[in-house]
Every structure is written in structure tokens, then in C-alpha cells.
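S.K.: turn this into a structure:
(4 chains)
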Number of protein chains: 2
Amino acid sequence: MDQSLKLEHQICFQLYTASKELTRLYRPILAPLNLTYSQYLVMLVLWEEDGMDLRQLGSRLTLDSGTLSPLVKRLIQIGYVEKSRATDDERKIVVRLTESGSALREQALDVPRQVSGMLNIDEATYIAYMEMLTDIKTRLHDFGERQREQ
Amino acid sequence: MDQSLKLEHQICFQLYTASKELTRLYRPILAPLNLTYSQYLVMLVLWEEDGMDLRQLGSRLTLDSGTLSPLVKRLIQIGYVEKSRATDDERKIVVRLTESGSALREQALDVPRQVSGMLNIDEATYIAYMEMLTDIKTRLHDFGERQREQ
DNA sequence: AACAATTAAGTTGTGCACAATTTAAATTAT
DNA sequence: ATAATTTAAATTGTGCACAACTTAATTGTT
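M.R.: Below is the predicted model of the structure:
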């Protein structure tokens, strides 16, 4: 019998479950910060570079306005960010950290260490895995390029 | 400045985007089969072993009844599966392929080949990546075990 | 046998994720 | 300059994903 459709042989399934289970690990760690996982990703971007517009945020996280608009609205309600129109281009919405959102970074500093501890992974393996994941994404993007060329 | 919160350094983010982008790749491939990605996963399980109950399906895919109940309902509407009560345990709902659902397997046989082609990945690399993902999941499960012991 | 605890599905509510559409602002072309 | 096109964000609708809860069947205990 053909084995190609076996669930466990699908790289997509392994990626999908690994991602889901790792995200599950984050939930209790992020709960004290009052953040969901996706909201945490947005905060990571803003802590790196405050005052991004939605489109920039989206291209960084591969999320469109349909996901980001309501997500940012929730971050505003919590009080971590605020919105304003860009002065040079009235279409753009600039998202900025509030004082509370900036301050949260201190608390978040411990998150990566906690996750590493839970994964119990050494530096070399971690780097190797990161490279593999980057490679998968590169292959996906390369395919996208090839498609676009035709 | 501390780099630990840099988005690209987070393995969770790389997993999350890799998974999302690979799923995106499946969408146009699965569209002719009239399946979403999650529905495809359920079909993969049923093609392997028909007549599973919801709990078994869920433990195989790491999904709970809150996700599976409505998902299976949609598969019934499409006409690929049907539900019935287990005779030995009236709590259990057994999900079985219809003729149309069984027949769909023939069409699906080409899906993995198409995806591999798009990823443009050789056998050895593919296996190495699968092992990495399995290892990540093992580490996550190991942590779960350690937690439960306390 | 009768009651308590557990288990299987289903339901409700929240929050992504994304396609498709809408609205308004900015660019470009004529 | 004005019309056509493009772009940014928001909105609408569908389908996961999961926590919390409900209902009904089964199992365990006394």
C-alpha cells in the first residue's frame, strides 16, 4: 500500500503540531503579561522598532490588515499601544507603545529564557534548528518567486 | 542592548511562520478537493484507519471536540464522511468515510508529490527536517512529563 | 443497587488567520 | 488638472483553535 499519504510522513503536519504545541507552552508564560501569543509577536516588533505602521507590522509578521486591525484594537484596549495617522501619508496608521507597553518589555525579558528552559535545548542545536526553519521558508519563498516569473 | 527579544531569534516565530506559509502552499492544491488544510488532515487519518471516534481523531491531530465537532459537521455537509453512535459505548461518535470520501483518496495521492515539488527538497534533507521537528515535539512532551511529575 | 467520579461530545465565547470587499488617500497617466 | 490606478486600513464572512461549561453515558466505589 502507498505510504505517501501517511499523516506522520507529512512535513506539514509535523510543522503544524510542533508550532501548535510550542505556542501552547507560551500561553501560561504570557498570561501574566496579559498577552496572547500573536499579541506578544506584535509587541516584540514594536519593542525593536516603535512607531511602525500596520503594513510594516504585517509584512514583518506575515499578517494582513484583517488580522492586525482587530488585534491592535485589543492591544489599545489593554493599554499597551496607541494609534495615530502618519503626518506624511494620511492612509497610514502608526502604532506606538504607551508607557505601559514600553515598561512591559522588562517583564518580557525573562520569557525566552523560560521557554529555552522548558525546551531544554543547547545553543548549538537551537541554532541548527533555526537554520533549518529558515531554510524551509527560503524554499517556500523561492517557489513563490518561480511562480511569479511565469 | 539585549538581543534575546529579537523576533527573528525566536524559534517559536520561525516555526509559526514556516507552518503558516507551508499551509498557504496547500490551499490551492486542496481547493480542487474542496478541503481546507485541517479537513485534509482529518481525511488523512480516516484514509489510514476508517471508523475512528472523535476522541481518537483528536488525540491523533492534537485537536479537541471544540474544534473537531464543527469540522466533522462540515465534512458531513460536503458528503465525505458520516457519523454514527458506537454500539459498545453510546457516548462515542464513530466517523466513517462515505463512498465519495473514500474515492477522494485517489485524487489526494498526488498532493504530497506536488508539495515536495514546490519545496524542491531532496530526500535526505526532508528526513533530517522531519527528525528535527520530531525532536522538538519530544522535548515539548518531555517537559510536559516533568511538569506532571511534580 | 445507589451514588460519585470519570469520560465523550457538543456548545458557547474569544481570538486568530485569511479571502474578498469597501473607503479614502496618494500616485500615475493622460 | 483630471481621471485612472494603486495603496493602506478597515470591515465582513468563514473556518480553525482552544478554554470553559453542559449533557449524557459509563465506570468505580461503597
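
S.K.: how about the helices in chain A?
M.R.: A:11-30, A:37-48, A:54-61, A:65-78, A:99-108, A:111-119, A:123-149 (DSSP state H).

S.K.: so for residue B:109, which of those sits nearest?
M.R.: Counting by C-beta to C-beta, residue B:109 lies closest to helix A:11-30 out of the helices of chain A; the figure is 15.8 Å. C-beta here means a position set from N, CA and C on the backbone, and glycine is covered the same way.

S.K.: and the closest one, which residues are buried?
M.R.: Across helix A:11-30, burial judged by 16 or more other C-beta atoms under 10 Å in any protein chain shown covers A:11-23, A:25-26, A:29-30.

S.K.: what residues does chain A have near DNA strand C?
M.R.: With C-beta under 7 Å from any atom of the strand as the criterion, chain A comes near DNA strand C at residues A:36-39, A:62-67, A:70-71, A:74, A:89-91.

S.K.: can you rerun that using 10 Å?
M.R.: Neighbours of DNA strand C within chain A, by C-beta under 10 Å from any atom of the strand: A:19, A:23, A:34-42, A:58, A:61-75, A:77-78, A:85-92.

S.K.: distance-wise, check the residue of chain A at minimum distance from DNA strand C relative to residue B:5.
M.R.: Per C-beta to the nearest atom of the strand, residue A:66 is where chain A lies closest to DNA strand C, at 2.6 Å. When distance is defined by C-beta to C-beta, to the nearest Å, residue A:66 is 27 Å away from residue B:5.

S.K.: what about the two, which has more around it?
M.R.: residue B:5 (18 against 9; other C-beta atoms under 10 Å in any protein chain shown).

S.K.: ok, the more buried one touching residue A:104?
M.R.: No: applying C-beta atoms under 8 Å as the test, residue B:5 and residue A:104 come out as separate, 10.9 Å apart.

S.K.: look at residue A:3 and report its pLDDT.
M.R.: For residue A:3, the pLDDT comes out at 83.

S.K.: ok now do the residue lying closest to it once chain neighbours are set aside, which residues does it touch?
M.R.: Excluding its sequence neighbours, the residue lying closest to residue A:3 (C-beta to C-beta, 6 or more residues apart in numbering or on different chains) is residue A:9, at 6.5 Å. If a contact means C-beta atoms under 8 Å, 6 or more residues apart in numbering or on different chains, then residue A:9 has A:3, B:112, B:130 as its contacts.

S.K.: if we can go back for a sec, of all the helices of chain A, which lies closest to residue B:136?
M.R.: Residue B:136 lies closest to helix A:11-30 among these, at 4.9 Å (C-beta to C-beta).

S.K.: ok, the residue most central in space within chain A - contacts?
M.R.: Nearest to the geometric centre of chain A sits residue A:41, at 3.9 Å (C-alpha atoms, centre = their mean). Counting by C-beta under 8 Å, 6+ apart, residue A:41 touches A:61, B:7, B:13, B:16.

S.K.: how does it look with 7 Å?
M.R.: Going by C-beta atoms under 7 Å, 6 or more residues apart in numbering or on different chains, residue A:41 touches A:61, B:7, B:13.
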